[in-house]
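Engineer: give me the fold of what follows.
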Amino acid sequence: MRPFFVFIILTTLFSFRLSAQPTPKQLAAKRTTASIKIDGKLDEAAWKEAQPATNFVEWRPNFGAVEDHDTRTEVYLLYDNTAIYVGGYCHERNKDSVSKELVGRDVVGVNDYVGVIFDTYLDKINGFGFYVTPLGEQFDAKYSNTAGEDGSWSAVWDSEAQIVQDGWVFEMRIPYSALRFVSKEDQTWGLNITRNRKKTGRQFMWNPVDPKVNGFLNQEGLWTNIEKIDAPLRLSFSPYLSTYLNHYKDNPKPWTSSVNGGMDVKYGISDAFTLDMTLIPDFGQVQSDNRVLNLTPFEIRYQENRPFFTEGTELFSKGNLFYPRRVGKSLPLHYGDVQDLKNSGYTIKENPQESKLINATKISGRTKKGLGVGVFNAITKPMYAEVEDAAKNVSKIKTNSLTNYNIVVLDQTLKNNSAISFINTSTIRNGSDRDANVSAALFDFNNKKNTFNWNGKFALSQIFEDPKNATGYSHNIGFGKTGGRWNFQLSEEIADDKYSQNDLGYATNNNFIDHYFWTGYRWLKPKKWYNRIQVNYNAYYSRLYNEVPDQKINSKFQTFNTNVNANVQFKNLWWAGLFVGYVSEGNDIYEPRKQGWVFKSPERKQFNGWFETNFTKRYYMSFNYFIGLRSLFNSPNHQLNLFHRYRFNDKLAMEQSLTYNPATNDAGFYGFSYQKDGSGSYLLDNNNEKIFRSVFFSRRDRKTIENVFSIKYNFNNKSGLTFRARHYWSRVRVKELYDLQADGTLVPAVPDEPIEHKNTNFFNIDALYTWQFAPGSFLNIAWKDEGQFYDGDPRLTYFKNFDRTLAEHQVNNLSVKVIYYLDYLNFRKWSKKK
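Structural biologist: All right, here's what the predicted structure looks like:
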C-alpha cells in the first residue's frame, strides 16, 4: 500500500478518538409587548422578564476559563412582531478598565465590544453578527463556512451604549428586515454571544467555542421557542444625489463639474431571497487604488473598494471565479491596441481606462432545505478612444463593447457542516469581441466529528472567439486534518494550457500542475510567558501541464519552495514571528515574455522576522524585516515594513506605515532585441515589423519606498473625519544588459538603444467627512487629490522625487453626496399616521 494512503487511513482512524462536542447551551426566547427605547439604560421592566445569558466561557487565550464575578457579563434577549431586542451589562472593576475609542462604523479599533451572532436557518453554516462598542458604535458581519467573516456586509439597526461606574451597558434593536429567516409557527435559531475585553486580551463566548474544533457557527448555542414571527416585507430604497467639482490644469477645460443621481434598491423576494440593485451607481468617493510599478509579467490584483461589489458576495466568491473589478474597473478589452498606435505616429487624445457601469443586480438567499441560490448580473457601456493621425484627422475607436456579466451559483448545505456547489460565470460582449464562460462544481466535506476535511473544485472554461474557440480544464482537490492542535492540508491544483477565467475572474497563469503541503501545530494553553504558539511547515512543487510550443528547455519543472515559520503571543499581548525559507533554481516561462523562451530563475534563501506591540496601548507599533539572498549576481533583496499609531484620546489618532524595499543586482526582463543589417538599421519582415533576435534581461538595482500617513478625528459615534495621504516611489537603475540564452542563462549583451531606467511616483490624498444623520442615511463630503511623476533619471533621491511629484499638475476632486435610506414599512407607518 502506498505511504500516502496509509497516512490518510491512520489519521482518519485517529480522528475517531477525539471526544464529541458538548451539548449546546439553550436560551428560551421571550416575547414582549412593551415599548423599549434604545438608549443604553436597561430601565424598562421587560428586561427583567427575560432569561439572562450568563456564565460566559473564555474563548481565547485560555479556553475554558470562566469569567470573574466582578467582570461578569449579563445579556438579555427579547422579541416582538417586528424586531429582536438585545440588552446587556458588561461589568468591570471600574470604568477605567473599559477600552474605548471612536473609530466610525464597521471599525473595531481598540474597543471592547459585545456581539450577538444568529444562525437563523440552524444550518451551522451561515450567520449574521451584530456588535456594539462602549461608545455606541456599530459593526456587523455575515458569516459562512466557506467565506468566513464578511465584514463588508451592512444592515440597518439601532444601538446605544453608556459607560457606568462598574462597566458599560448596551441596548440593540435588530429589525427582522436585517435578517433572513423562514416564517414558521415555532422555530429555534443558532445563537452565540461574545464579549471582548481588549485591555486584558481576553474574549468570552456564551456557548463555548473550542479552538481545537474546526468551525465557529457549528459551535453555537440555541435560542429556542421563537413563536409566530413572520419574515417582513423587505423593501428599501437608498436614493443618492451627488455633485462633483474637478480641476486638472492640463485639461482643455481645467474646471469641470457634474451632478449625479441614482439609487440602490433592496427587495425581499421571499422569506429567504433578496434582490440588491444599483442603478446609475456613483463610486467616486471610494478610496483610491494603491497603484504600483508593475515589473512582473502578470496583472496587478487591486483591492475592490466599491460597496456593492463587496457586500453580501460570499456566494459569488465560491470557487474563486469572480474578480469584481472586471466589472467597470478593469482596462477595456482593446485599450492596449490603442496605446500601441503611438508607435505608428498617432496621438492619443482620449483612451478611457475603465468601462462605465450602467447597472448591477444581485439576487441571493437560501431555501428551507439549505439550497443557496445566487444570481449576479451587470452591464457596462461601450467605450471609445479618440486618436489623431499625422494629418490631424480625429477618429474614434471602440475599445470595449456593450458587455453583460453574469454569475449563477447553487450551494447545497449538507450535514456535518459540508456543502456541494455549482457556479457558472459568463461574459457576453456585443459584436465580434470574444465571449467567455466558466463552470465549476465544488465539494467541501467534513467527517462527523468535524476533524477531517475533503474539498475540491472541477472547472471548465470556454472562450468563444473567431476563428477558433478554446475549451480548458482545471481542478483542485485537497484533504486535511482540521481538528485538534495538529493540523495539515495536502492539495493538488491543475490547469491545462487552454484554461482561462480572466474575463470575469482573476488568474496570473494557466498550464500548471501544483502540489502543496502544509502542517501546523498549536500550543493553545497559556503558560508562564506565552498565551499561544504556532509552528508551521509549507512545501510547494510546480510543473508545467504541457510544454509550451518551441520551448527551448526540455523540462516541465517550474519551481519548488519550502519554509518553516512560527509565531507567538506573549503574556503582555505582544506578538513575534520568524520565517526561514528556501526556493530552488527553477524554470520561468513567464518572465521572458516570449513564447518558448525560459529563464533559469535563481536559487533563493529567505529569512524574515517580525514583532508587534500591544494593540490597545496609546502607542502601537509593528515591525517586519525580510531578506532574500539570490544566487544569481549575488543579489540581496531587503524589505522593511514599519507601522505605528498614536492615540491622543478617544477621538483623535494618527498612524503611519512605511515600506522600504531595496534590491541589489536583481535580474529581470528588460525588452526585446531585434536584428540589424550592416549599417545598423533594423531589418523588417513582410509586415514591416522588426525581426526578433533575442530577449534582453537586465541586472538592475531596484528601490521602492511607500509612505502612508493617516489621521482620523471622530466628533461622536455618528460623524467623523479621515485623512489619508500616500506617496509611492519606485526606481529601477539598469546596470548591464544580458542576452537570454537557449539554456535559460544570461550572457552580457550590447544594447540596441540607449539604456532606459525607470523612476515612478504615485501620490494620493483621500479626505472624507461622513455624518450618519439617520439610520442608513449619510452625508459624505470628500476631497481627492491624485498626482504622478515619471522620469528616466535614476539619480533623483526620494525627497527630490517627492518634491517633483507635488510640483506636477494634480487632479483634484471635491464632492458632496447625500444618501437617504427609505424603508417601506417605516414609510407606510408614517403615511398612516398622517
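Engineer: CA atoms for contacts and neighbours, from now on please.
Structural biologist: Will do.
Engineer: would you mind measuring from the residue nearest the centre of the chain to residue 448?
Structural biologist: Residue closest to the average C-alpha location in the chain (C-alpha atoms, centre = their mean): residue 303, at 6.3 Å. Remark: distance between residue 303 and residue 448 (C-alpha to C-alpha, to the nearest Å) = 37 Å.
Engineer: now do residue 581
Structural biologist: Separation of residue 581 from residue 448 (C-alpha to C-alpha): 36 Å.
Engineer: higher neighbour count, the two?
Structural biologist: More neighbours surround residue 581 than the other of residue 581 and residue 448, with 18 against 14 (other C-alpha atoms under 10 Å).
Engineer: after the helix or strand hosting the more buried one comes which helix or strand?
Structural biologist: Assigned by DSSP states H and E, residue 581 belongs to strand 575-583. Going down the chain from strand 575-583, the next helix or strand is strand 586-588, by DSSP H and E.
Engineer: is it true that residue 825 lies in a helix?
Structural biologist: Yes. According to DSSP: H, G, I helix; E, B strand; the rest coil, residue 825 belongs to a helix.
Engineer: tell me how many other residues crowd it.
Structural biologist: For residue 825, the count of nearby residues is 15 (other C-alpha under 10 Å).
Engineer: same check on residue 47?
Structural biologist: 22.
Engineer: just give the closest residue to it, not the sequence neighbours.
Structural biologist: Sequence neighbours aside, residue 76 is the residue nearest to residue 47 in space, at 6.6 Å (criterion: C-alpha to C-alpha, 6 or more residues apart in numbering).
Engineer: and the helix or strand hosting that neighbour, what does it pack onto?
Structural biologist: Assigned by DSSP H and E, residue 76 belongs to strand 73-79. In this structure, strand 73-79 packs against strand 83-91, with contacts taken as 3 or more C-alpha pairs under 8 Å, 6 or more residues apart in numbering; DSSP states H and E.
Engineer: and if we set it to 10 Å?
Structural biologist: Applying 3 or more C-alpha pairs under 10 Å, 6 or more residues apart in numbering; DSSP states H and E, we find strand 73-79 packed against strand 26-28, strand 83-91, strand 113-119, strand 167-175, strand 184-197, strand 221-229.
Engineer: what helices or strands is the last one leaning on?
Structural biologist: Contact analysis of strand 221-229 by 3+ C-alpha pairs under 10 Å, 6+ apart lists strand 26-28, strand 73-79, strand 113-119, strand 184-197 as its packing neighbours.
Engineer: what's the first helix or strand after the shortest one?
Structural biologist: Looking back up the chat, that one is strand 26-28. Next along the chain after strand 26-28, taking DSSP H and E as the criterion, comes strand 57-60.
Engineer: flag every buried residue along that following strand.
Structural biologist: Using 16 or more other C-alpha atoms under 10 Å as the test for burial, strand 57-60 gives 57, 58, 59, 60.
Engineer: you'd agree residue 337 is up against residue 348?
Structural biologist: No. Applying C-alpha atoms under 10 Å, one finds residue 337 not in contact with residue 348, separated by 11.4 Å.
Engineer: what ranges do the helices span in the chain?
Structural biologist: In the chain, the segments counted as helices under DSSP state H are 3-15, 335-339, 798-807, 824-833.
Engineer: wait, residue 276 sits on residue 374?
Structural biologist: No. When contacts are counted by C-alpha under 10 Å, residue 276 is not listed as touching residue 374 (11.1 Å).
Engineer: overlap in contacts, the two.
Structural biologist: By C-alpha atoms under 10 Å, 6 or more residues apart in numbering, residue 276 and residue 374 have these common neighbours: 362, 363, 364.
Engineer: how about the nearest residue to the last one, chain neighbours excluded?
Structural biologist: With C-alpha to C-alpha, 6+ apart as the criterion, residue 364 has its nearest non-adjacent residue at 4.2 Å, and that residue is residue 374.
Engineer: what about that neighbour, how many residues nearby?
Structural biologist: Applying the criterion other C-alpha under 10 Å, we find 22 residues in the vicinity of residue 374.
Engineer: give the contact list for it.
Structural biologist: Going by C-alpha under 10 Å, 6+ apart, residue 374 touches 273-275, 313-316, 362-366, 407-411, 423.
Engineer: inside strands: which ones of the residues you listed?
Structural biologist: Using DSSP state E, 273-275, 362-366, 407-411, 423 are the members of the contacts of residue 374 that sit in strands.
Engineer: and which of those is nearest residue 37?
Structural biologist: Set against residue 37, the nearest of the ones in strands among the contacts of residue 374 by C-alpha to C-alpha is residue 274 (29.1 Å).
Engineer: partners of that closest one in the sheet?
Structural biologist: In this structure, residue 274 bridges to residue 268, residue 364 when assessed by DSSP bridges.
Engineer: next one: residue 442
Structural biologist: Residue 442 has the following beta-bridge partners by DSSP bridges: residue 421, residue 457.
Engineer: how much space separates it from residue 363?
Structural biologist: 20 Å.
Engineer: now swap in residue 262 and tell me
Structural biologist: Distance from residue 262 to residue 363, by C-alpha to C-alpha: 19 Å.
Engineer: comparing the two, which residue is more hemmed in?
Structural biologist: More crowded of residue 262 and residue 363, by other C-alpha under 10 Å: residue 363, with 20 against 16.
Engineer: who are the contact partners of the more buried one?
Structural biologist: Residue 363 neighbours (C-alpha under 10 Å, 6+ apart): 266-269, 273-277, 312, 373-377, 408.
Engineer: list buried residues within the residues you listed.
Structural biologist: Neighbour counting with 16+ other C-alpha under 10 Å marks 266-268, 273-277, 312, 373-377, 408 as buried within these.
Engineer: which of those residues scores worst on pLDDT?
Structural biologist: Note: of those, the lowest pLDDT belongs to residue 312, at 80.
Engineer: what sits closest to that one if chain neighbours are left out?
Structural biologist: Spatial nearest neighbour of residue 312, chain neighbours left out: residue 153 (5.6 Å); criterion: C-alpha to C-alpha, 6+ apart.
Engineer: can you report how many residues lie near the one you found?
Structural biologist: That count, for residue 153 with other C-alpha under 10 Å as the rule, works out to 21.
Engineer: residue 287 against residue 768, yeah?
Structural biologist: Yes. Counting by C-alpha under 10 Å, residue 287 touches residue 768, with 9.4 Å between them.
Engineer: what do those two both touch?
Structural biologist: Shared contacts of residue 287 and residue 768 (C-alpha under 10 Å, 6+ apart): 724, 784.
Engineer: give me the more crowded residue out of the two.
Structural biologist: residue 768 (22 against 18).
Engineer: these two touch, right, the more buried one and residue 285?
Structural biologist: Yes. In this structure residue 768 lies within contact range of residue 285 using C-alpha under 10 Å: 8.2 Å.
Engineer: intersection of neighbour lists for these two?
Structural biologist: Both residue 768 and residue 285 are contacted by 780, 781, 782, 783, 784, 814, 815, 816, under the criterion C-alpha under 10 Å, 6+ apart.
Engineer: show me the two of these that sit farthest apart.
Structural biologist: Pairwise distances across those (C-alpha to C-alpha) peak at 12.7 Å, for the pair 780 and 784.
Engineer: so what sits against both of those two?
Structural biologist: Between them, residue 780 and residue 784 share the contacting residues 285, 768, 815, judged by C-alpha under 10 Å, 6+ apart.
Engineer: out of these, which are inside strands?
Structural biologist: 768, 815.
Engineer: tell me which of the shared contacts of residue 780 and residue 784 has the lowest pLDDT.
Structural biologist: residue 285 (94).
Engineer: dump the residue contacts of the residue lying closest to that residue once chain neighbours are set aside.
Structural biologist: Of all residues not flanking residue 285 in the chain, residue 782 sits nearest, at 6.4 Å (C-alpha to C-alpha, 6+ apart). For residue 782, the contacting residues are 244, 284-286, 721-723, 766-770, 813-817, by C-alpha under 10 Å, 6+ apart.
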